[in-house]
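Undergrad: Sequence and predicted structure, then a few things I'm wondering about:
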Amino acid sequence: MRVLLVEDDRALALGLQHALASEGWRVDALADGDSAAAVGLQGEHDLAVLDIGLPRKNGMEVLRLWRARGVRMPVLLLTARDELSDRVQGLDAGADDYLVKPFDTPELLARLRALHRRAMGRLDERLVFGELELDLAGPELRCRGERVALSPRELALTELLMQKAGRVVSKDSIVGRLSSWESDFSENSVEVYVHRLRKRFADLGVAIKTVRGFGYVMELADGDTGTAAPRAPA
Ligand code: CA
């Protein structure tokens, strides 16, 4: 998941960047309303955390502009003032949720996960494919009940492939999902991560096949995309 974080309080922004990254989310951080307005229109983010009090254009103006231009990503507003008018205005302007500062980071993370789930139309916090089960709240991958240790980026790639299991995921969309502005993530890096996941999944009944010139598709290791492959007795 790729998050656009717009917050001009540098210390708060750094703390949030760290917390979001530790959830395995890619974060792009901005500190003013003008650049936020422009970047949000590019449609590359799954959700936005938007401060109201910003230089050059306040968060409310940014949000109205996004909604007027058809940007539908979920937006959580941060407001420094506990004023009813702010919150009502924010929700009227098209915000999906808001938090009043100061807030607890775990609460922010939980609300962002809920917004993301709602946006994806998911009712629970799990993705299941074959014998793999991805608990999005962790996030944590399990196979037959046992934890499969993965790095945050490996988890993010697994989530993307599981969401579209049986369908091709383009290299571009993987680069988009796993990139942030601070890191140099290329198509070559995608190959490295896919290679690692293939090794991890080799004994778990799941294969990641290359579709030459397009991308990758997650399938069950026997080639069947429907039910889990029967396993030989140990
Ligand atoms: Ca501010």
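TA: Structure's in. What do you need? Residues are numbered from 1 along each chain as shown.
Undergrad: Let's verify the closest residue to the ion within the chain: helix, strand, or coil?
TA: Closest to the ion within the chain is Gly53: 3.6 Å, counting by C-beta to the ion. Backbone N, C-alpha and C define where each C-beta goes, glycine included. Here Gly53 is recorded as coil under DSSP: H, G, I helix; E, B strand; the rest coil.
Undergrad: Name all residues that make contact with it.
TA: Contact analysis of Gly53 by C-beta atoms under 8 Å, 6 or more residues apart in numbering lists Asp8, Gly59, Thr79, Ala80.
Undergrad: Show residues contacting stretch 158-177.
TA: 1-2, 26, 44, 120, 127, 129, 132, 134, 136, 139, 141, 150, 156-157, 185-187, 189-190, 193, 197, 208, 211, 214-219, 225.
Undergrad: Just those residues: which are in helices?
TA: Met120, Ala156, Leu157, Glu187, Ser189, Val190, Tyr193, Leu197 (DSSP state H).
Undergrad: Quick one: which of the residues you listed is the most crowded by neighbours?
TA: Leu157 (25 neighbours; other C-beta atoms under 10 Å).
Undergrad: The lowest-mean-pLDDT helix or strand in the chain packs against which elements?
TA: In the chain, no helix or strand scores lower on mean pLDDT, DSSP states H and E than helix 84-92, which sits at a mean of 74. The contact analysis (3 or more C-beta pairs under 8 Å, 6 or more residues apart in numbering; DSSP states H and E) places helix 84-92 against helix 59-68, strand 75-79, strand 97-100.
Undergrad: between those, which one is nearest to Ala21?
TA: strand 75-79 (17.1 Å; C-beta to C-beta).
Undergrad: Point out where this protein drops to low pLDDT.
TA: Applying pLDDT under 70 to the chain flags residues 81-84, 121-124, 180-184, 223-234.
Undergrad: How about the residues of it by the ion?
TA: With C-beta under 5 Å from the ion as the criterion, the chain meets the ion at residues Asp8, Asp51, Gly53.
Undergrad: same thing but 8 Å
TA: Neighbours of the ion within the chain, by C-beta under 8 Å from the ion: Glu7, Asp8, Asp9, Asp51, Ile52, Gly53, Leu54, Leu78, Ala80.
Undergrad: Farthest pair within those residues?
TA: Asp9 and Ile52 (11.9 Å).
Undergrad: Please say which of the two ends up with more neighbours.
TA: Taking neighbours as other C-beta under 10 Å, Asp9 and Ile52 compare with Ile52 leading, 25 against 16.
Undergrad: Distance check, the more buried one against Ala114.
TA: 21 Å (C-beta to C-beta, to the nearest Å).
Undergrad: before we move on, what about Arg69?
TA: Applying C-beta to C-beta to Arg69 and Ala114 gives a distance of 25 Å.
Undergrad: Between these two, tell me which one has more neighbours.
TA: Between Arg69 and Ala114, counting by other C-beta under 10 Å, Ala114 is the more crowded of the two (16 against 11).
Undergrad: element containing that one, please.
TA: helix 105-120 (DSSP states H and E).
Undergrad: Report all helices and strands that that helix contacts.
TA: Looks like helix 105-120 contacts helix 10-22, strand 47-51, strand 75-79, strand 97-100 (3+ C-beta pairs under 8 Å, 6+ apart).
Undergrad: mind checking which of these is nearest Gly33?
TA: strand 47-51 (8.9 Å).
Undergrad: Done for today, thanks.
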